[in-house]
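Engineer: A structural model of the following input is requested.
(chains A and B)
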Amino acid sequence: MLMTKTNSRTALIALAALAVLAAGCSTPVPLEEKKDVPVETRTGTPAGGAAAGGAQGTPQSQVTTVNLDKSATATVARIVYFDYDSFAIKDEYRGVIEANAKALVAARNKRVSIEGHTDERGGREYNLALGQKRAESVAKALALLGVNDGQMESVSFGKERPAVQGSDEAAWAKNRRAEIKDK
Amino acid sequence: MTPPTAPLNRRAFGAALVAGAASLPAWAQFRVEISGVGATQIPVAVARFRGDDVAAPSLGVASAIVRADLERSGLFRLLDAPNVIDETAMPSMSEWRARGADGLVGGSVSRLADGRLDVRYKLWDVVKGQDLGGQSLAVPLADMRLAAHRVADAFYERFTGDKGVFSTRIAYVTRAAGRYTLRIADADGEAGQVALTSPDPIISPAWSPDGRELAYVSFESQKAVIWVQDVATGQRRQIANFRGSNSAPAWSPDGRQLVVTLSRDGGSQLYAIGREGGTPRRLTQSPAIDTEATFAPDGRSIVFVSDRGGGPQIYRMGATGGDAQRITFNGSYNISPALSPDGKSMAFIARLGGGTFRLHLMDLASGTVTALTDTNDDESPSFAPNGKLIIYASRADSRDVLMTTTLDGRIKARLLATGADVREPVWGPFNR
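Structural biologist: Next up is the predicted model:
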């Protein structure tokens, strides 16, 4: 109302520019690029395993419970990275295994999927089997620390769902992994 | 208000158009790349068929489809034949001999009263001056291309002695804009149709021997599960969804069972399972990876990949399991075996050090191995049902592409698809 004509024009241009940006954002993007951001630590998943980022439309009366028992699981690293052609868990990931085992032993009703992944080199089916081996090697390590077999399912995506795109060692190293995911 | 927003709106509209283009169905076509063919091509002529340009213009021109099929095979040299010759004509054999043709085909396309098309053709052996006869194919309008491919098949068989595969189909997976689509197309890559589309990966399609069903691995439930889908009706059923991963389906030649890779008992091992699913029967007992099974054409043995000796190598065992014999010995990584329909040769992918994965062919009797390509990212070979061509996935211009090659590696054709990665090709049987 108090805007000068020029000001309102600028505002409109800004709005329209936002619309253009939004249109750009809605361009179809390969799903894995969106959801498989390579993070080693994930923090603050609310109790009940609700998906992160549901900020819009949150009722004002909502109270989010913080359960201290489970916060241990929520803050531990859940990805183990592997060497090329290997399914041996390196020493540096012993801590990741131990923290996850502790959380799963503390909550026997909790179930996880352990997803094995490979880099892009080689055949799809053989890589699927290699990824399965990585997942099972993590499951075995967890079982040795007392996690029930029934709490875990080892599955594989082979080379079908890379964490990062790219055809160099840096990308491959990020993709050779096993992820522990809540079910 | 209008002056500043109008041009910007146009820009927003432009952005929307780009986004729309990316989600268009991938269009595909083969381009032939022939190398070193020499004098082996048979000179032939495909005349214009009477009425073929007006019968079903939206579907293409029958004689042009026949000509393109024969050309793509790499076995024929197509002579100019701009005039119409139909199946009732009596072309002068001496005239065509003078033009250098060994063979000639003519025909016609017309609409029947019930709306179907009548595709007629006649073949001539020009060298012998002989009328080889022809046929009338009455087909639904939508099968015009199929009828033209059948004419090309008849021609191919008369002049090469082998059954043609122009009327067969291929299945493959495209990935574009984060979507995975299982497609079925004519062997020339045209007339593609979508069998399944998903935001999650689809791999390892396999045709049932009767050509009616496709088995494949879908990750739609966030793990590998084997499905079988009826191609015509779209009805699908899970045949293996056990704990862990379920993958690498391979049909037995009688179509009654499949061999699959399951990790339900730990590791990746081979199991036999009925075509409707049920209780799997374990075929291998190894502490290693056993996967990528494929049946010998006689159904009596299974060829598969195992890393029981260290790296992945190809082995053979009886169809009900038992001792396995290693059959690849060159190199440290040999995977993805495909057996020729006569059971005499095996296509597979070998890693040649570093990141080079190349299509090879082994003569099973002698064990002789030859490289069929000079590319670095070959995957997933599959034989045409006449055993004369292999379709495989490769990479070109930073895209996943499909290629076909003859068994001597001399004639290659490339399936071009716009805006999509194309992979996991598998050639269907003669029946469709």
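Engineer: Mind pulling up the pLDDT for the residue of the stretch 101-250 of chain B at minimum distance from chain A?
Structural biologist: Residue nearest to chain A within the stretch 101-250 of chain B: residue B:177 (3.3 Å; C-beta to the nearest C-beta). For every residue, glycine as well, the C-beta is placed using N, CA and C. Looking at residue B:177, its pLDDT reads 88.
Engineer: Any idea how many residues pack against it?
Structural biologist: 16 (other C-beta atoms under 10 Å in any protein chain shown).
Engineer: swap in the one 3 residues further on?
Structural biologist: Around residue B:180 sit 24 other residues, with neighbours defined as other C-beta under 10 Å.
Engineer: Quickly list what it is bridged to.
Structural biologist: residue B:175, residue B:198 (DSSP bridges).
Engineer: quick one: the helices in chain A?
Structural biologist: Along chain A, counting by DSSP state H, helices occupy A:5-25, A:31-35, A:68-75, A:94-106, A:124-144, A:169-175.
Engineer: Please disregard the earlier target; I meant chain B.
Structural biologist: Assignment of helices within chain B using DSSP H yields the ranges B:2-22, B:62-72, B:93-98, B:144-160.
Engineer: just to revisit the earlier point, which stretch in the helices of chain A has the least confidence?
Structural biologist: helix A:31-35 (a mean of 36).
Engineer: And for stretch A:168-183, what's in contact with it?
Structural biologist: Contact with stretch A:168-183 is made by A:38, A:45, A:49, A:78-84, A:100, A:110-121, A:131, A:134-135, A:137-138, A:153, A:159, A:162-166, as judged by C-beta atoms under 8 Å, 6 or more residues apart in numbering or on different chains.
Engineer: mind checking the end-to-end distance for it?
Structural biologist: 32 Å (C-alpha to C-alpha, to the nearest Å).
Engineer: of the contacts of stretch A:168-183, buried ones?
Structural biologist: A:45, A:78-82, A:100, A:110, A:112-121, A:131, A:134-135, A:137-138, A:153, A:159, A:162-163 (16 or more other C-beta atoms under 10 Å in any protein chain shown).
Engineer: of those residues, list those near chain B.
Structural biologist: A:113, A:121, A:153 (C-beta under 8 Å from any C-beta of the partner chain).
Engineer: Kindly reformat those as a markdown table containing distance to residue B:316 and pLDDT.
Structural biologist: Below are these laid out as a markdown table (distance: C-beta to C-beta, whole Å; pLDDT from 0 to 100):
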| residue | distance to residue B:316 | pLDDT |
| --- | --- | --- |
| A:113 | 35 | 97 |
| A:121 | 26 | 94 |
| A:153 | 32 | 98 |
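Engineer: follow-up on the earlier one: in strands, which of the buried ones among the contacts of stretch A:168-183 appear?
Structural biologist: A:79-81, A:112-117, A:153 (DSSP state E).
Engineer: Going by distance to residue B:74, which of these wins?
Structural biologist: The nearest member of these to residue B:74, counting by C-beta to C-beta, is residue A:117 at 40.1 Å.
Engineer: mind listing what that closest one touches?
Structural biologist: Residue A:117 sits next to A:131, A:134, A:156-159, A:161-163, A:175-179 when contact means C-beta under 8 Å, 6+ apart.
Engineer: now the residues you listed in JSON lines, with distance to residue B:357?
Structural biologist: Shown next, in JSON lines, are the contacts of residue A:117 (distance: C-beta to C-beta, whole Å):
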{"residue": "A:131", "distance to residue B:357": "18"}
{"residue": "A:134", "distance to residue B:357": "21"}
{"residue": "A:156", "distance to residue B:357": "20"}
{"residue": "A:157", "distance to residue B:357": "20"}
{"residue": "A:158", "distance to residue B:357": "15"}
{"residue": "A:159", "distance to residue B:357": "12"}
{"residue": "A:161", "distance to residue B:357": "20"}
{"residue": "A:162", "distance to residue B:357": "17"}
{"residue": "A:163", "distance to residue B:357": "22"}
{"residue": "A:175", "distance to residue B:357": "17"}
{"residue": "A:176", "distance to residue B:357": "17"}
{"residue": "A:177", "distance to residue B:357": "22"}
{"residue": "A:178", "distance to residue B:357": "24"}
{"residue": "A:179", "distance to residue B:357": "26"}
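Engineer: Nearest to residue B:400 among those residues?
Structural biologist: residue A:159 (12.2 Å).
Engineer: any idea what sits nearest that closest one, other than its immediate chain neighbours?
Structural biologist: Using C-beta to C-beta, 6 or more residues apart in numbering or on different chains and skipping residues adjacent in sequence, the residue nearest residue A:159 is residue A:127, 4.5 Å away.
Engineer: Measure how buried that neighbour is and give me the count.
Structural biologist: 23.
Engineer: Any regions of the stretch 301-432 of chain B where pLDDT drops low?
Structural biologist: For the stretch 301-432 of chain B, the stretches with pLDDT under 70 are B:416-418.
Engineer: At the contact with chain A, which residues of it appear?
Structural biologist: B:305, B:312, B:333, B:335-336, B:349, B:351, B:355, B:357, B:379-380, B:424.
Engineer: I'd assumed residue B:213 was in contact with residue B:228.
Structural biologist: Yes. Counting by C-beta atoms under 8 Å, residue B:228 does reach residue B:213; the two are 5.3 Å apart.
Engineer: What is the burial count for residue 107?
Structural biologist: No chain in the question, so chain A it is. 15.
Engineer: Switch to chain B, please.
Structural biologist: 32.
Engineer: list the contacts for it?
Structural biologist: Counted by C-beta under 8 Å, 6+ apart, residue B:107 has contacts B:47, B:49-50, B:52, B:62-63, B:85-87, B:119-122, B:134, B:151.
Engineer: my guess is residue B:91 contacts residue B:103, does it?
Structural biologist: No. The pair residue B:91 and residue B:103 does not pass the contact test of C-beta under 8 Å, sitting 11.7 Å apart.
Engineer: what's the overlap in contacts for these two?
Structural biologist: With C-beta under 8 Å, 6+ apart as the test, residue B:91 and residue B:103 both reach residue B:124.
Engineer: higher neighbour count, those two?
Structural biologist: residue B:103 (22 against 19).
Engineer: list the contacts for the more buried one?
Structural biologist: Residue B:103 sits in contact with B:42, B:44-45, B:123-126, B:155, B:158-159, where contact means C-beta under 8 Å, 6+ apart.
Engineer: And residue B:204, by the same measure?
Structural biologist: Taking C-beta under 8 Å, 6+ apart, we find residue B:204 in contact with A:124-125, B:215-217, B:247-249, B:424.
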